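# Only the shape, not the letters, is given here:
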């Protein structure tokens, strides 16, 4: 009684995916979307993370593969098995393979110190997806002067990622200061009615500042992809 | 078969309330709390509003009685039956009797033009409860310069009422600029996930600015009472 | 006892806003963000819509002013008072003044016929904010061939707006086909647990396709601004 | 003081249930519904699981008994006490007794690798309830070609179980490709607003594809029963 | 400036859909799924309903086309413009064209008299989708004898649709009496915490009876499609 | 093709229900539970209300039949067709037939004047179900002296129904004053986060006073039944 | 700087409470309500549980004191320090002092085996509050014959406590079979959308059976108090 | 590739914040609001807590710095590294530096013993923010005499903090007894539907007592700041 039917028969043309037993890796994605598949580590065993990361890297020689949401055990396994990978404990990511040439700039702005892991995930994701990326931390709205001190950098970016927990007000204030495309990331930082990020998410969806787009709670990865795709296609600033 | 038992027997001492058939007016409240009962108009017939307002006024000769949440029909009935009352269509309130001498100042700050009815209710309530009260409208965070232009007035108030719908970010910004006691009022202005005021309420409850207290959605009345009680007991500004 | 304190004193320098009694128009916004303030019609009287629209147009001679969420009465008032305005009944918008020169292309893709008003609002908003914009309607996932028939147009756009109610699956499918920056708009089309757009909103926030950003339910305007800002800054397609 | 009153008196006719102290096993269920009672392991001690499983098997000699939601400790206890049982760690199930002759085919289709435990529970349940059952994994909508590659198998099944977490879009796409009866299973795979499976559940309930029925989050068992009952009663494919 | 781009160019092969301006009718659906597209009337104008219904009927000569969720105005328009249509006021449906030959039997069981519109929609839908269909009404669990009186009919059906509002307990009781495939429909009948159907929906999703599948609140149509697809493929009862 | 199958065949023994076409009246309920079926008017046409009420009265000659949730049109129809009925506009009820002899006393206590319809429904229901019943209104916790003035009457009742909207605190205070069995009814009186009765319902479910049981929002009927069943079975007060 | 102000001054008359430092025990409660205060163990240290239990017992010599929600550590501490206490591991309770003479009977009926702890808490609570109490377990609605086998016992009780998790249908079925006062207890047994007991709670609040009152999720204690107060005041069954 | 861009360049004027690597401390806050920044310990490492606390203390020589939400590890680290700090295990706070001279009085009133940590946090916060502060515990509404025994102290305070979990009724009762400005704090004490504090929060937002303002669940800190700002600015009681 076979547990699992084989999905593809031999002799067929390239199906556009790679069957590794527990997964069908979408090795056609870079052709369709410009970016290879990313390893989402949550819910995967360390062995599955290592296998997926190395198999994807083997089929994309010239392009960095990203793994996200790696717990401590998975990060240790990657460090052990894939010493060429760049593993980061704050963002809980690993990168294997050469970063693409960066075009355009993503600026990641975070409201509080506890938002750092999400902000770091967004920054690294943006780099893997082909943009320059930098971070500015701890510029929450309760002390506006901290944000106003970096106002010029907001306008010079090609795309902004704005990360905030609690009441999630920072994107509204940033969105009132600049017209650079802005994607907001609510974080699960908070307690009581703010636990889980619902307050920040709703605030960002209902922002009175125009043009703010939002991703899921703690989804620094998604914001990084969105922002990098904007930035890498942007005209240079001096090209009016 | 009597439908409704008489709540008090004749010959008893003053029970502290006035039985008007459909209600027991709490005529002892001013003694206990400093302020007479207020007529909450929602769910009352125009006749009930007029009766309650006039009966309360008759037992509090020296003190204005407030009625709130009066629909158009109720406001018309009050204007018709109680010409001495001051009826306001924006705040949907009526005031009958002399305002108390004002002590201290409440400043009501509103984010958007659609927040005006709630802001007006807060302002009038504060006046009926013994404080000076003024409004500043349409200073939402998407154009911070509008708020910064009135920054001095924030610091000069004895209590602030900050009214906002949508993402409800204004109290966080105001609360980062001044240490004046601040009560925030979420409004039901918005749509989609913002309809009903939940987004603004959660934002205010989770504000990163310290010391912000919150009332129910659209509860300008409650904020006005809270702020007036602070302001009328505050030391004069030159009394350090 | 003045009801409403004057926000600005004469003799001061330009405050960056225009006080029209019931509102403080942010006439500095175009300088900060590249786009003038927009008239959000919901909750405004027809007179307030006409006044705001005409006052903003008067201060932005060279640039179209947009009004959104205009009910039938407001649209009639604009047609009557501002015959130069371009009023549209499907999107419930009005545009007054010359459209900017269009750069880049926004493609608005909608899942069902009932999503048309939101899709139309997104398209017109994108045009007012400086991009070419087109629509493709009724390509929901229950009949994939309808979407696959327009696949080339997805890749040729500089930004995508994907509009869907019900289960909101369309952005996930589109996001798996192309890497063009994509902003998703959930609509309130549905019933039962889908009424109000929550199902579609959650689906879009949790999409398995990478890089999808989301706006509030029925917020075609916000998606249009976001997409136009991306498209108008994009390098031409032949400029690798 | 007896803690627990005896539910049945001796000398009575067969009550249709078996009192094992902590439970009244419904040994009449197979007669009424065609299938014996199943052991729901969650909330039961390992001892209770073993007792219930063995007692039910003893009263249904010719028919496999299924136990679901067995944690590691319960699985170990079953392996120890009931070596004839077939214990599976992925689906967290045990089966004791001979499988019924299979009629009809259930195809279990899963969107992501993390959905495997739920998909496996559905497959094994379907087999215990009298149908052939197979799995196809990791064919999420972000890479449609993976699903289209198995399209023929969809049409050849007598019932489909479609398992997905995140945004739960897979049933809508499958339901647009085939008219085979389809039951969808949302899983709790996700994070932020997707944690707990609400997004996937709502998506499936609001699918634009016709005729999709849904079970509770992570309820592979329920879907397996529903699908097997359809499949085992289906006419053979060549019997038009 | 064309408002709406033409989706298909002339000279192309059959795209599988019919462009009627406001919609792309999926005329390929019957080939893929066995059933033609259905007109979902909610959110459509009477004119759009008539157009869609007649255009679909014109392309499916041998098969009835169903329109659902027709308000009074739409039903009047169909009666006026398409006299051959069978319009039903209880289920708010219209059927145009010949019903398919019926195979198998769907029994629709409803808990209360207020559930009749949803039950009727399910019954008519099942008939349009190729099954016999009958209704049993008002057999709620507060008077079990009403249900037990029709117990034989439950077992004789090939598929059951069980409709209930309030606490939604009927499917659990029916599911304990029979093993016939059962799809449950929660209705929005109720008040307080039961308004909108959430209580019934949750009860059905969490039923302790095995194998119950659920559709959206008030979705008699979806249940009818699901049940008909089961019934029309079922072996005759005497074919063990 | 019969639309609706006849539920019972002639010649059978009394099935315990009465088929009136649109409903199966449970005429066996009084035998099982001591009380006849009640007409729930919401969702029924005036004709259905009249038919159901008169048919139930015809089969229960010696016992009053209750109809609840009658809108103005239904009440008018009952007054017109069944002049012997006692129709009440506050509670929106009708009673047809003789009240049973009353045993025991139910006291209905309401927090605010707007709670009157629910309180009246509870009182009339209790009388129809065989208990004495009285009301005390407008004794909310913001003026405790109003409640303390009737404290003796609380202890003298055999069952208490406590009705409150807003924050629903009254049952907690009453439950701390007396040990009489208490059933609490949340009402939908309120606004903002209190609209719909959720705040009051949750407060009552989480009361710190022991032994409080709760019914659905606005369900004065259910509370009246529960309380009457307690009261009519209670020993007389002087029977220790 | 005193951390905690002394709540009462010496020399005052008996305040009706006992200050034990961390709590003010309400030693007047038995006089007001007939039952002494109960120790709610959740959130208390083992030492606090022992202190509170022994202090309350010392002031109520003739009456058992109940402690609920005791975790393993607290139960061990009670067994160690108060050997006269009757500690029960299933219900997680302790009882110290003599049970009152029992009057009337409470029958506790539970749907599933996992509901046992809540059912046991209700039964013991009822005994401490002066009623006979018995349990019937595992009579869920998926096998109705189990419930029908004990139908006589339902009618012979003076009050019923019906405990159920999952879809919470049991109270509706019981409430249709008998008119004995019934209080329903939802339990947190379930998973997915049923986790936490919301589904069962809503089902019970929206029951179609008349007169069902509900307590908080898992609140066997509250149901036991409510039922005991009914039962101990009930006339004997032979006293018509 | 620098991970983190330096936020400020040397040679610039004082930016009003202190960059400590992982945070930008708002050292300008005391100038703007009268109170220095507070260390929110949740989500910070013990090292970050110590660093932040000591750096803030170093820049505010004459004013106590408060740290809140310190877990056991963080409290140990503070005791070890900063022996001059006053660390409190109940409120989980640390205070470093001299308390300001106290003006006015804050009374913290708590409903239950489990609310003590939140009440203690409010009291200490009020002291750090310049007011006298005292606590009264365990005066929940189920035993009103406990509250009435301290009624005089309510009236003598300049601001009240009222803390309650469960149904959150205490603020309504207190707010009916006195007109002192009152801020209510819901706590997460409860279970079932009360778990997490939602019931208490909603009750407080919907209080029928006028003028009650609310903070987030368990936010004793926020209430303490709000109340202290009121109290320290209040006129002495004998200064009419």
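Noted; the coordinates are in hand. As the structure is a prediction and not an experimental result, all values here were calculated from the model.

# What backbone torsions are found at the one residue in chain A that gets nearest to chain G?
The nearest approach of chain A to chain G comes at residue A:196, 14.5 Å away (Cβ to the nearest Cβ). To be clear about C-beta, it is placed using only N, CA and C from the backbone, and glycine gets the same treatment. Backbone torsions for residue A:196, taken as degrees, to the nearest 10, come to phi 90, psi -10.

# what sits against the closest residue to it other than its chain neighbours?
Leaving aside its chain neighbours, residue A:196 sits nearest to residue A:188 (5.4 Å; criterion: Cβ to Cβ, 6 or more residues apart in numbering or on different chains). The contact partners of residue A:188, taken as Cβ atoms under 8 Å, 6 or more residues apart in numbering or on different chains, are A:165, A:195, A:196, A:197, A:217, A:218, D:192.

# was I right about the residue of chain A closest to chain G contacting residue A:216?
No: with contact defined as Cβ atoms under 8 Å, residue A:196 does not count as touching residue A:216 (11.5 Å).

# still on that earlier bit, tell me the confidence at the residue of chain A closest to chain G?
Residue A:196 is assigned a predicted lDDT (pLDDT) of 94.

# Do you have the helices of chain A handy? List them.
A:29-33, A:46-59, A:72-81, A:116-128, A:144-148, A:151-156, A:170-177, A:198-205, A:220-232 (DSSP state H).

# just checking, what packs against the fourth one?
Right, helix A:116-128. strand A:65-68, strand A:93-96, strand A:105-110, strand A:132-136, strand A:159-164, helix A:220-232 (3 or more Cβ pairs under 8 Å, 6 or more residues apart in numbering or on different chains; DSSP states H and E).

# which parts of it are buried?
A:116-128 (16 or more other Cβ atoms under 10 Å in any protein chain shown).

# what's the average pLDDT for it?
The model assigns helix A:116-128 a mean pLDDT of 98.

# one step back: please identify which of the helices of chain A is closest to residue F:107.
When the helices of chain A are compared by Cβ to Cβ, helix A:198-205 sits nearest residue F:107, at 41.8 Å.

# Report whether that closest one contacts chain H.
No: applying Cβ under 8 Å from any Cβ of the partner chain, one finds helix A:198-205 separated from chain H by no less than 9.2 Å.

# what's the answer for stretch A:137-157, then?
Yes: using Cβ under 8 Å from any Cβ, stretch A:137-157 comes into contact with chain H via A:137, A:138, A:139, A:142, A:143, A:145, A:146, A:149, A:150.

# where's the second one relative to chain B, distance?
From residue A:138 across to chain B, the span is 11 Å (Cβ to the nearest Cβ, to the nearest Å).

# For that residue, what are phi and psi?
phi 60, psi 50.

# so how many other residues sit close to it?
By other Cβ atoms under 10 Å in any protein chain shown, the residues close to residue A:138 number 24.

# Excluding sequence neighbours, find me the nearest residue to it.
That would be residue H:24: by Cβ to Cβ, 6+ apart, it lies 4.2 Å from residue A:138.

# Check the last one too.
Spatial nearest neighbour of residue A:150, excluding adjacent residues (Cβ to Cβ, 6+ apart): residue A:136 at 5.3 Å.

# how near is that neighbour to residue H:19?
Distance from residue A:136 to residue H:19, counting by Cβ to Cβ, to the nearest Å: 11 Å.

# same question, residue A:111
Residue A:111 is 16 Å from residue H:19, where distance means Cβ to Cβ.

# out of those two, which sits in the busier spot?
Set residue A:111 next to residue H:19 and count neighbours by other Cβ under 10 Å: residue A:111 wins out with 31 against 15.

# Could you measure from that one over to residue A:137?
Distance from residue A:111 to residue A:137, by Cβ to Cβ: 9 Å.

# Surely residue A:106 touches residue A:161?
Yes: counting by Cβ under 8 Å, residue A:106 does reach residue A:161; the two are 6.3 Å apart.

# burial of residue A:101, as a residue count?
Per other Cβ under 10 Å, the neighbour tally for residue A:101 reads 7.
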